[in-house]
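[1] Provided below are the primary sequence and the corresponding predicted coordinates.
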Amino acid sequence: MSHSLQIVILMKAQNNNMLGAVLILIAILALTLKDSADKYLILHGYHPVEMVFFRFTIPFLCMLIFMPKQTKIAILATNNKLVLRSTLFLVCAITSVIALKYIPLNVYIIITQMGSIAFMLGGALFFNERLTPTKIVATIIGFIGVIVVMNPTGEEGLHVIYLLPLIIVLANTAYNLLTKTIDASVSFISIFINTFFILGIAATICLVIEPQMWRTPSVESIPYFMIIPIVTIVSQLCLIKAMKVADASHVAPFFYFQILFACMIGYWLFDEIPTRYSLIGSVFIMSAGLLITFMNYSKNGVKKELSYKLK
C-alpha cells in the first residue's frame, strides 16, 4: 500500500471518529433532555405509562406512516427474544421514571454510567469473554464510585431508592447482551422498529385497561411530552450512526459528558446542586470506564492503525 493511500485512510478514519464523537454528544444530550422531561412530568403527577406511550407509540405511528414496508417487516420479525428484549427495555423505561421522581438527575446519571462495566462483566459471564486484571480493577473502582455517590454513612443513611438506577443498569445490560444473540438475519432497523412496536402496544393496552393512568396534558406539560418522542428518535439514530462510522474505543469516553449535561440541566430546571459525594463518585466511575476504554483502544485501535502502515 502506498504512503499517500495510508494517509488518506488514516485521515478518513480520523474524520469518521470526529463525526462519531459529535453524534455521541448529540445523542447523550438528547437522552439527558428525555430524562429531564421524564423527571418534570413525574414530579407533576403524570403516570410513567403515559410517558412510555408518548415515547414509543407516537414514533411507531410515524414509522408506520412514513416507513410502511420496513415497519411491516419489523412486525413480522417478532419472536420470543425480541419480546424479552422489549420487556427489559420496558423495565428500564418505567424504573427510570420512578427513580427520577426521588433521585437528583445528576446522581441518577452518574450511577447509570456503571452500564459499561456491567456490560463487560456480563460478556465475561455469559459469552466467556476474558476478564483481565485491568477489568477487575476497573470494576472495583466503579463500585467504589457508586457507594460514594450513595453516601450510606451520611445523616440520612442509605436510601433503597438509590438502588433503582442499579436495577436499570442490570436490565439494560441484559437487554444489550440479548441483542447480541438475535439472529443476524434480523436487520438492525427491524430490531429498532420492533422495539417501538412492542412497547407502544404494551403502553396502549395498559392505558385501555387502566384509563386512570391517563391524564390530559396541561398547556405547560405539552412541550415536555412532545420532546420525549423527538429526542428518543434523535438519540437512537445518532447512536446507530456513530457506532457505524467510528471506532467504539474512540467515542466511548464522550458518553461521560452526560454527567456534565445532567448537572447543568438539573441545576437549570430543578435547582439541583451536585454534592461533593456525587462529584467524587463520578470521578471514580468515569475513571473505571475510561480505564476499560483505553485498554481496549491500546489493544485494538493501535493494532488496526499499525496494520495499515504494515500493508
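    In hand now; what should we look at? Numbering: from 1, shown residues only.

[2] Please count neighbours and contacts with C-alpha atoms only from this point.
    Fine.

[3] ok, for Pro253, nearest residue in space, not its chain neighbours?
    Leu290 (6.2 Å; CA to CA, 6 or more residues apart in numbering).

[4] do Ile168 as well
    Counting by CA to CA, 6+ apart, Ile168 lies nearest to Cys92, which is 5.0 Å off, once chain neighbours are set aside.

[5] and that neighbour, what does it touch?
    If a contact means CA atoms under 8 Å, 6 or more residues apart in numbering, then Cys92 has 167-168, 171-172 as its contacts.

[6] And these, which is closest to Met67?
    Asn172 (27.2 Å; CA to CA).

[7] Hmm, the closest one is touching Phe89, no?
    Yes. Between Asn172 and Phe89 there is a contact under CA atoms under 8 Å: 6.8 Å.

[8] thinking again about what came up before, for burial, what's the neighbour tally of the residue nearest to Pro253?
    Other residues near Leu290 number 19, with proximity taken as other CA atoms under 10 Å.

[9] can you pull the pLDDT of Thr139?
    In this model, Thr139 is scored at 78, pLDDT.

[10] and it, what does it touch?
    Listed by CA under 8 Å, 6+ apart, the contact set of Thr139 reads 117, 288.

[11] Let me know the pLDDT of Ala203.
    95.

[12] now Ile292
    Looking at Ile292, the pLDDT reads 70.

[13] my guess is Tyr54 meets Pro229, correct?
    One correction, residue 54 is Phe, not Tyr. Yes. Look at Phe54 against Pro229 with CA under 8 Å: they come within range, at 6.1 Å.

[14] tell me the secondary structure for Pro59?
    Recorded secondary structure, Pro59: helix (DSSP: H, G, I helix; E, B strand; the rest coil).

[15] in the stretch 201-311 of the chain, what spans have low per-residue confidence?
    243, 247-252, 293, 295-311 (pLDDT under 70).

[16] What segments of it are helices?
    222-245, 248-251, 257-270, 276-296, 302-310 (DSSP state H, counting those that start in this stretch).

[17] closest one to Leu207 among those helices?
    Across these, closest to Leu207 is helix 222-245 (CA to CA), at 16.1 Å.

[18] so what secondary structure elements neighbour that closest one?
    helix 3-43, helix 58-66 (3 or more CA pairs under 8 Å, 6 or more residues apart in numbering; DSSP states H and E).

[19] and those as JSON lines, adding distance to Trp214 and mean neighbour count?
    As requested, the helices and strands packed on helix 222-245 are exported to JSON lines (distance: least, CA to CA, whole Å; neighbours: other CA atoms under 10 Å):
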{"stretch": "helix 3-43", "distance to Trp214": "12", "mean neighbour count": "19"}
{"stretch": "helix 58-66", "distance to Trp214": "15", "mean neighbour count": "16"}
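
[20] Output stretch 181-195 as PDB, nothing but the C-alphas.
    Listed next in PDB are the C-alpha coordinates belonging to stretch 181-195 (Å, rounded to 0.1, in the frame of the first residue of the first chain):
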ATOM      1  CA  THR A 181     -27.900 -13.300  20.400                       C
ATOM      2  CA  ILE A 182     -30.500 -12.200  18.000                       C
ATOM      3  CA  ASP A 183     -30.300 -13.900  14.600                       C
ATOM      4  CA  ALA A 184     -28.200 -12.000  12.100                       C
ATOM      5  CA  SER A 185     -31.000 -12.300   9.500                       C
ATOM      6  CA  VAL A 186     -33.000  -9.700  11.500                       C
ATOM      7  CA  SER A 187     -31.700  -6.300  10.500                       C
ATOM      8  CA  PHE A 188     -30.800  -3.600  13.000                       C
ATOM      9  CA  ILE A 189     -33.600  -1.300  11.700                       C
ATOM     10  CA  SER A 190     -36.100  -4.100  12.200                       C
ATOM     11  CA  ILE A 191     -35.000  -4.600  15.800                       C
ATOM     12  CA  PHE A 192     -35.200  -0.800  16.300                       C
ATOM     13  CA  ILE A 193     -38.800  -0.600  14.900                       C
ATOM     14  CA  ASN A 194     -39.900  -3.800  16.600                       C
ATOM     15  CA  THR A 195     -39.000  -2.300  20.000                       C
END
